[in-house]
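In: can you look at this prediction? I've put the sequence above it.
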Amino acid sequence: MDTLGNTYVLEPKEEEKFYPSKVKRIIQEVLEDKFKNETQYDQNTTPIVVEELIKKILKRIRETIKMPRYKLCCQVYAGEIKGQGVKVTSKCLWDTTWDNYASYQYTNEFMYAVGIVFGVYYE
């Protein structure tokens with residue numbers, strides 16, 4: 001039976017930090033790629049599309065940005081634009097030194113989509 005000890009890695013390496021600008025770029029690419037040709041909002045397919053977008057964003061981040069000691073949480077909200085206002089907020093308890101988030105909002109004349117990725121460093 002093997003026992004694993006603590007690694008005592010209390011902070012990420014410089015090249016393995018969560019940089020919101022890099023993550024935001026990925027969220028932007030995924031959302032714009034999916035919705036750039038949309039001409040209407042479909043409430044029946046949106047839950048499925050949102051779930052696929054979450055998986056795609058997380059996969060792309062893991063493949064392109066090296067952050068092995070970060071747990072990632074992704075949220076995507078999408079809805080129809082009918083003259084209403086929408087505000088998305090969140091609240092987290094985390095270490096402000098290493099933990100961070102990135103978000104991107106996409107809109108066209110028919111719909112909106114907001115993607116948020118939280119990166120929480122774990123030791």
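Out: Alright, I've got the coordinates.
In: for residue 113, give me its contacts.
Out: Shown in contact with residue 113 (C-beta atoms under 8 Å, 6 or more residues apart in numbering): 31, 34-35, 53, 76-78, 105-107. Placement of C-beta: from N, CA and C, glycine included.
In: where do the helices sit along the chain?
Out: Listed in chain order, the helices found in the chain under DSSP state H are 20-35, 46-64.
In: how deep is residue 32 tucked in, by neighbour count?
Out: 13 (other C-beta atoms under 10 Å).
In: low pLDDT regions in this structure?
Out: Of all residues in the chain, those with pLDDT under 70 make up the ranges 1-2, 4-5.
In: how about the strands of it, start to end?
Out: 70-80, 100-107, 111-121 (DSSP state E).
In: centroid-nearest residue for the chain?
Out: residue 117 (2.6 Å; C-alpha atoms, centre = their mean).
In: let me see the contact set for that one.
Out: 23, 27, 57-58, 61, 72-74, 101-103.
In: now do the buried residues in stretch 89-100.
Out: 98-100 (16 or more other C-beta atoms under 10 Å).
In: want to throw the residues you listed into JSON lines with distance to residue 92?
Out: Below are the buried residues of stretch 89-100 laid out as JSON lines (distance: C-beta to C-beta, whole Å):
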{"residue": "98", "distance to residue 92": "13"}
{"residue": "99", "distance to residue 92": "7"}
{"residue": "100", "distance to residue 92": "10"}
